[in-house]
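Undergrad: Give me a model of this one.
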Amino acid sequence: ALTATEGPAYSQSAICRFEKLDITPKSAQKLKPVLEKWLNEAELRNQEGQQNLMEFVGGEPSKKRKRRTSFTPQAIEALNAYFEKNPLPTGQEITEIAKELNYDREVVRVWFCNRRQTLKNTSKLNVFQIP
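TA: You can find the predicted model right below:
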């Protein structure tokens, strides 16, 4: 609600610290007028009968999250083969791979990102292993 009314002036971590009451006096002083204004507006809306929580906090209706994609073993094999050839495909290559495998372009793009990150993380682990 704070972001909806004031814009992204406050980071998520600042808001979380406020919610946990783990903020500095300076931060509290900065937030006080904004929160007082929002609280007054919220109380006014409540008195006017806006009981809907989204209306009350000023947020937009949430979008449903997309279901997790399950790759077939054949698709994983093909994606790994493409990754071996080129771990950083261009946008056009990702589009072509997605069409060929019959998956959404964004799903294929994220698969490549995740695969590179996995490789990066396992490489870091291997550095610290004792022979």
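
Undergrad: what's near enough to touch the residue sitting nearest the centre point of the chain?
TA: Residue closest to the average C-alpha location in the chain (CA atoms, centre = their mean): R65, at 10.9 Å. Taking CB atoms under 8 Å, 6 or more residues apart in numbering, we find R65 in contact with no residue. To be clear about C-beta, it is placed using only N, CA and C from the backbone, and glycine gets the same treatment.

Undergrad: and the gap between it and R105?
TA: Distance of R65 to R105, given as CB to CB, to the nearest Å: 18 Å.

Undergrad: just to revisit the earlier point, name the helix or strand for the residue nearest to the centre of the chain, please.
TA: For R65, there is no host helix or strand (DSSP states H and E).

Undergrad: ok, now the one 10 residues further on?
TA: Element membership for A75 (DSSP H and E) is helix 73-85.

Undergrad: Show me what that helix is packed against.
TA: When contacts are defined as 3 or more CB pairs under 8 Å, 6 or more residues apart in numbering; DSSP states H and E, helix 73-85 packs onto helix 91-101, helix 105-128.

Undergrad: Of these, give the one that comes closest to G49.
TA: Proximity to G49 (CB to CB) singles out helix 105-128 among the helices and strands packed on helix 73-85, at 41.2 Å.
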